[in-house]
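**Student:** return atomic coordinates for the entry below.
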Amino acid sequence: MKKQKLFSGNLDISNYFEGLYYKQVTKDGKKTISIICGISTATENPHAFIQVIENIYNKSYYITFKLEEFDFNDEYIKIDNNYFYNDKVILNINKQGLKLKGKLTFNDLTPLKASLYSPTIMGPFSYKKMECNHGIVSLHHNINGYLIYNHHKINFDDGTGYIEKDYGTSFPKDYIWLSSTNCSNPNSSFFFSVAHIPFLKMAFKGFICVLLYKGEQLVFSSYYLGRCKTKIIDDKIYIEIKQGKYKLKVASYYNSDSVLYAPMKGQMSKQIKESLNANIEIELYKKDKLIIKDTFSNGGLEIV
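**Tutor:** Reported below is the predicted structural model:
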């Protein structure tokens, strides 16, 4: 079975990108900081990077490093004096207008359940070379520690976190991405993405969705013969998924967003916007009977 690695590529691949996304939400749900570490081996400007997006002042940062400052092994990714593991991050950034220092440890990580058919969230496409590969490291975990962000100490003790990754050559030309770890029930999480996916000489709209609720995982996807409809009205998005005996209705809206940089042919040149304040309302039906109704908060949302 194919195993999801912390770092999936290597520095010898041309026009390649890889990014590992860590999201942290404080216990009271008021403060969120997401951190992305990664590389771009684009011919014009190869470099390592750390992106930071937060909902405190709705600011974002793209901090660049020489590719030589990037290192990795089976346990961690290192960029300058910053370390990224499955179960912790150690930050020591003081450049390009950002000071971010501290250590966060992650407990009770929740990896996606795997099988031979679906070793990662990409399902059978995990075995193929794709324009953009997606992976989920932890659907939900607890956090301890703090960060000092531009002289302000932010306590993440008993907060919640989420880790995912992307790697390949380019982000999809259009997609919707939603993610949250905060709702009324502990150990719950929601993830959804629908995107334009080039495959062989064709292209199709494919979707993946995971509902982790009270510790139980439900996966919906095109490769499980699920059907998905989306509709966007102003700043609200509506999603309806049907798969087997289940029907999942989702409504999400947001108020603010910040700029992130995304890859195009390995070069981090595409600007996208991500909200960290999305609310996500879900209704899950089993044979037309409502079995779950809840609202996730502090959600990440990207619409491209």
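**Student:** surely Ile292 meets Ile282?
**Tutor:** Yes: with the criterion set as Cβ atoms under 8 Å, Ile292 and Ile282 qualify as a contacting pair; they are 6.7 Å apart. Just so you know, the C-beta spots here come from the backbone N, C-alpha and C atoms, and that holds for glycine as well.
**Student:** which residues are common contacts for the two?
**Tutor:** Overlap between the neighbourhoods of Ile292 and Ile282 consists of Leu211, taking contacts as Cβ atoms under 8 Å, 6 or more residues apart in numbering.
**Student:** just the strands in the stretch 101-250 of the chain please.
**Tutor:** Along the stretch 101-250 of the chain, the segments classed as strands by DSSP state E, counting those that start in this stretch run 132-149, 152-155, 159-168, 175-180, 189-199, 202-213, 216-221, 227-233, 236-243, 246-253.
**Student:** and the fourth one, what does it pack onto?
**Tutor:** Going back to what we said before, that points to strand 175-180. In this structure, strand 175-180 packs against strand 189-199, strand 267-286, strand 289-303, with contacts taken as 3 or more Cβ pairs under 8 Å, 6 or more residues apart in numbering; DSSP states H and E.
**Student:** any idea which of these is most buried?
**Tutor:** Here the criterion is mean neighbour count by mean count of other Cβ atoms under 10 Å, and of the helices and strands packed on strand 175-180 the winner is strand 189-199, at a mean of 20.
**Student:** what's near enough to touch Ile33?
**Tutor:** Lys23, Gln24, Val52, Ile53, Glu54, Ile56, Leu147, Tyr149, Ile154.
**Student:** for the chain, which spans come out with low pLDDT?
**Tutor:** The chain contains residues with pLDDT under 70 at 1-4.
**Student:** quick check, central residue of it?
**Tutor:** Computing the C-alpha centroid of the chain and ranking residues by Cα atoms, centre = their mean puts Glu164 first, at 4.3 Å.
**Student:** hey, what's that one bridged with?
**Tutor:** Counting by DSSP bridges, Glu164 is bridged to Tyr21, Ile136.
**Student:** surely Asn255 is in contact with Asn277?
**Tutor:** Yes: contact status for Asn255 versus Asn277: in contact at 5.5 Å, counting by Cβ under 8 Å.
**Student:** just the buried ones from the contacts of Ile33?
**Tutor:** Buried by 16 or more other Cβ atoms under 10 Å: Lys23, Gln24, Val52, Ile53, Glu54, Leu147, Tyr149, Ile154, out of the contacts of Ile33.
**Student:** what residue, apart from its backbone neighbours, is nearest the fifth one spatially?
**Tutor:** Ranked by Cβ to Cβ, 6 or more residues apart in numbering and with sequence neighbours excluded, the top spatial neighbour of Glu54 is Ile33, at 4.6 Å.
**Student:** and if you look at the last one?
**Tutor:** Sequence neighbours aside, Leu147 is the residue nearest to Ile154 in space, at 5.1 Å (criterion: Cβ to Cβ, 6+ apart).
**Student:** identify the residues contacting the one you found.
**Tutor:** Contact criterion Cβ under 8 Å, 6+ apart gives Gln24, Ile33, Leu91, Leu100, Lys101, Gly102, Leu104, Lys153, Ile154, Phe156 as the residues in contact with Leu147.
**Student:** swap in Gln96?
**Tutor:** Applying Cβ under 8 Å, 6+ apart to Gln96 gives the contacts Tyr61, Tyr62, Ile63, Thr64.
**Student:** tell me the spacing between it and Tyr85.
**Tutor:** As judged by Cβ to Cβ, to the nearest Å, Gln96 and Tyr85 stand 24 Å apart.
**Student:** and if you look at Val25?
**Tutor:** If you measure Val25 against Tyr85 using Cβ to Cβ, the figure is 19 Å.
**Student:** neighbour count for those two, which is higher?
**Tutor:** Relative neighbour count places Val25 above the other of Val25 and Tyr85, with 25 against 13, counting by other Cβ atoms under 10 Å.
**Student:** return the set of buried residues in stretch 108-122.
**Tutor:** Of the residues in stretch 108-122, those scored as buried under the neighbour-count criterion (16+ other Cβ under 10 Å) are Thr110, Pro111, Leu112, Ser118, Pro119, Thr120, Ile121, Met122.
**Student:** against Cys228, how distant is the residue nearest to Glu54?
**Tutor:** The spacing between Ile33 and Cys228, counted by Cβ to Cβ, is 30 Å.
**Student:** and Lys153, by the same measure?
**Tutor:** With the distance defined as Cβ to Cβ, Lys153 ends up 42 Å from Cys228.
**Student:** mind listing what Gly38 touches?
**Tutor:** When contacts are counted by Cβ under 8 Å, 6+ apart, Gly38 is found next to Phe17, Glu18, Gly19, Leu20, Ala48, Phe49, Gln51.
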